[in-house]
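K.L.:
give the three-dimensional model of this entry:
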Amino acid sequence: MAKRNRLDVDSFFSEVDQTQEVYNLRDRLKTLEEQLNQQVNHEQHLIAEIEQLRAQSQAHDRPQLQSQIDELRKHLEQSQGSSQYPVEKIQPNPDQPRKTFIEEVESMALSLQREGQLDPIILFEDGMLLDGECRWRAAKTLGWETIEVVFTAKPDQPKVLRRKAYLTNLHRRGLNALDKAETLVAIACDEIPNLPPEEVPRTINRVLTRLKRRKQSLGDRLHLQPSRQQQAVLEQLEVDPVESQVFLIFLGLQEHPVSLNRNIFPALNLTPDLKAAVREQSLGCAQALILNRLSAANLKISERQALKLREKGVREVLSQNLSTTQTQRWVAQQKLQDAQSSTPVIRDKQVDRFLSNIQKLDLTDVEASPGQLQELQQMLEDRLEYVKQLLR
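P.N.:
Below you'll find the predicted structure:
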């Protein structure tokens, strides 16, 4: 009979103990995962409630909205604690609707200097900002190396983040027309991928023009009606599917298409210099739209002259704090002065002869030395530089 190996009792129970420890660890891990899921679900629930309040609240509901934001921040602090995070590693939200922060950052910087940071900013796990961009920008201007933060989960789809950022800024502090217009176009293109950005405002204007010819109207409060009612009205007005989709996107954001067409989307037509003045110098969009009339085409002048005139207008509006009415008067005066100074163009005969000689100049069969050609090139460049100076 074969000899049986002796059972190592101590080793056997040691393995049993290790197995039991693994089971205990797994149970503990499962419990922790459930707790984490509950925390994440609670965060997402709070964020959803905040979005709903931001989308629906009026001025008297702002305290409730702020209360929900405070609750979310408190929950994040309690569940994970706050921490110091390097200011330089924080990434702004590329889809942030607001591009103009000058006054708010200056005010926040003073507050941070006097009171310190009272509330942490909220970041996604990758360091991108969800809430607190003014505090972050102010900390950068003050030269802070770190800032107090809490973290939350990031939405899977960028378009969700863009919409969330829009609603956040819309109800906290009004967006200027330029930032608002660009963000609304981006949101529409998120929802309708094949729609060119320039077609978004054109669609709104086209439908409203068509309805006006038919003497039809959307109604003043359509943006405040339930989505089914909005769809029913658009169907009754025989708006085509793509147009209807564009309208429903904006109505869902509680934006009335008539107001967008009249007050918001015209900002997209501002010249680059005026867009920069709005964002970098806090020029009002209403005044910018008036200054936008000082174009080369309208005044029949060069682009360089028109740019200089608009820059003069920006300085005048900002230094004198001109209202829209006062800005209109200033622009009207500039147009009047331009008309009065416009005289019939008198052509100089000497310049005309020079132009004719240059046009007739043909060096195809000329046996000129390299030195002569260089001399000719230098002379023409000198004359060209002199002409540029006359045009400045």
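
K.L.:
okay, CA-based contacts and neighbour counts for the rest of this
P.N.:
Fine.

K.L.:
dump stretch 299-318 to PDB, keeping only the CA atoms.
P.N.:
Provided in PDB are the C-alpha atoms of stretch 299-318 (Å, rounded to 0.1, in the frame of the first residue of the first chain):
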ATOM      1  CA  LEU A 299     -17.500 104.800 -46.500                       C
ATOM      2  CA  LYS A 300     -15.800 104.000 -49.800                       C
ATOM      3  CA  ILE A 301     -12.300 104.200 -48.200                       C
ATOM      4  CA  SER A 302      -9.400 101.800 -47.800                       C
ATOM      5  CA  GLU A 303      -9.500  99.000 -45.200                       C
ATOM      6  CA  ARG A 304      -6.600 100.600 -43.400                       C
ATOM      7  CA  GLN A 305      -8.500 103.900 -43.100                       C
ATOM      8  CA  ALA A 306     -11.600 102.200 -41.900                       C
ATOM      9  CA  LEU A 307      -9.700 100.300 -39.300                       C
ATOM     10  CA  LYS A 308      -8.100 103.500 -38.000                       C
ATOM     11  CA  LEU A 309     -11.500 105.200 -37.800                       C
ATOM     12  CA  ARG A 310     -13.000 102.300 -35.900                       C
ATOM     13  CA  GLU A 311     -10.100 102.300 -33.500                       C
ATOM     14  CA  LYS A 312     -10.700 106.000 -32.900                       C
ATOM     15  CA  GLY A 313     -14.300 105.200 -32.300                       C
ATOM     16  CA  VAL A 314     -13.400 102.500 -29.700                       C
ATOM     17  CA  ARG A 315     -11.200 105.000 -27.800                       C
ATOM     18  CA  GLU A 316     -13.900 107.600 -27.900                       C
ATOM     19  CA  VAL A 317     -16.700 105.300 -26.700                       C
ATOM     20  CA  LEU A 318     -14.500 103.900 -23.800                       C
END
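
K.L.:
avg pLDDT for it?
P.N.:
Per-residue pLDDT values over stretch 299-318 give a mean of 92.

K.L.:
also stretch 92-110?
P.N.:
Rounded mean pLDDT across stretch 92-110 is 72.

K.L.:
and that stretch, how far apart are its ends?
P.N.:
One end of stretch 92-110 sits 21 Å from the other (CA to CA, to the nearest Å).

K.L.:
check stretch 355-370 too.
P.N.:
Span of stretch 355-370 from end to end, CA to CA: 24 Å.

K.L.:
buried residues in that stretch?
P.N.:
Across stretch 355-370, burial judged by 16 or more other CA atoms under 10 Å covers no residue at all.

K.L.:
chain center to that stretch, what's the gap?
P.N.:
Put simply, stretch 355-370 sits 54 Å off its chain's centre (CA atoms, centre = their mean, to the nearest Å).

K.L.:
where do the helices of the stretch 251-392 of the chain begin and end?
P.N.:
257-259, 272-280, 285-291, 296-299, 303-320, 324-341, 349-360, 370-391 (DSSP state H, counting those that start in this stretch).

K.L.:
now do the longest one against helix 303-320, angle only.
P.N.:
Orientation check (axes from the mean of the first three to the mean of the last three CA atoms, to 10 degrees): helix 370-391 against helix 303-320 gives 40 degrees.

K.L.:
tell me the mean pLDDT over helix 370-391?
P.N.:
Helix 370-391 comes out at a mean pLDDT of 80.

K.L.:
who's in contact with that helix?
P.N.:
Counting contacts by CA atoms under 8 Å, 6 or more residues apart in numbering, no residue outside helix 370-391 touches it.

K.L.:
how far out from the middle of the chain is that helix?
P.N.:
With CA atoms, centre = their mean, you get 46 Å for helix 370-391.

K.L.:
also stretch 107-127?
P.N.:
On the basis of CA atoms, centre = their mean, stretch 107-127 sits 21 Å off its chain's mean C-alpha point.

K.L.:
can you redo the helices of the stretch 251-392 of the chain as a markdown table with distance to Gly116?
P.N.:
Shown next, in a markdown table, are those (distance: least, CA to CA, whole Å):
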| stretch | distance to Gly116 |
| --- | --- |
| helix 257-259 | 41 |
| helix 272-280 | 26 |
| helix 285-291 | 33 |
| helix 296-299 | 50 |
| helix 303-320 | 32 |
| helix 324-341 | 38 |
| helix 349-360 | 68 |
| helix 370-391 | 54 |
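
K.L.:
these: which one's closest to Leu123?
P.N.:
helix 272-280 (24.4 Å; CA to CA).

K.L.:
who does that closest one touch, helix- and strand-wise?
P.N.:
On a contact count with 3 or more CA pairs under 8 Å, 6 or more residues apart in numbering; DSSP states H and E, helix 272-280 meets helix 285-291, helix 303-320.

K.L.:
packed most tightly, which of those helices would that be?
P.N.:
helix 285-291 (a mean of 22; mean count of other CA atoms under 10 Å).

K.L.:
packing partners of that one?
P.N.:
Counting by 3+ CA pairs under 8 Å, 6+ apart, helix 285-291 packs on helix 272-280, helix 303-320, helix 324-341.

K.L.:
distance to Val387 added to those helices, as TSV?
P.N.:
Shown next, in TSV, are these (distance: least, CA to CA, whole Å):
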stretch	distance to Val387
helix 272-280	26
helix 303-320	15
helix 324-341	22
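
K.L.:
just for the stretch 151-300 of the chain, where's the confidence low?
P.N.:
155-175 (pLDDT under 70).

K.L.:
go again with 80.
P.N.:
153-175, 224 (pLDDT under 80).

K.L.:
show me the strands in it, by range?
P.N.:
With strands called from DSSP state E, counting those that start in this stretch, the stretch 151-300 of the chain shows none.

K.L.:
does the nearest residue to Gly81 once chain neighbours are set aside sit in a helix or strand, and which one?
P.N.:
Nearest non-adjacent residue to Gly81, counting by CA to CA, 6 or more residues apart in numbering: Val150, 7.0 Å away. Here Val150 sits within strand 146-152, counting by DSSP states H and E.

K.L.:
return the list of helices and strands in contact with that strand.
P.N.:
Looks like strand 146-152 contacts helix 62-80, strand 83-86, strand 121-124 (3+ CA pairs under 8 Å, 6+ apart).

K.L.:
what does that strand contact?
P.N.:
By CA under 8 Å, 6+ apart, strand 146-152 touches 43, 73, 76-77, 80-87, 117, 119-125, 136, 139.

K.L.:
thanks a lot, see you next time.
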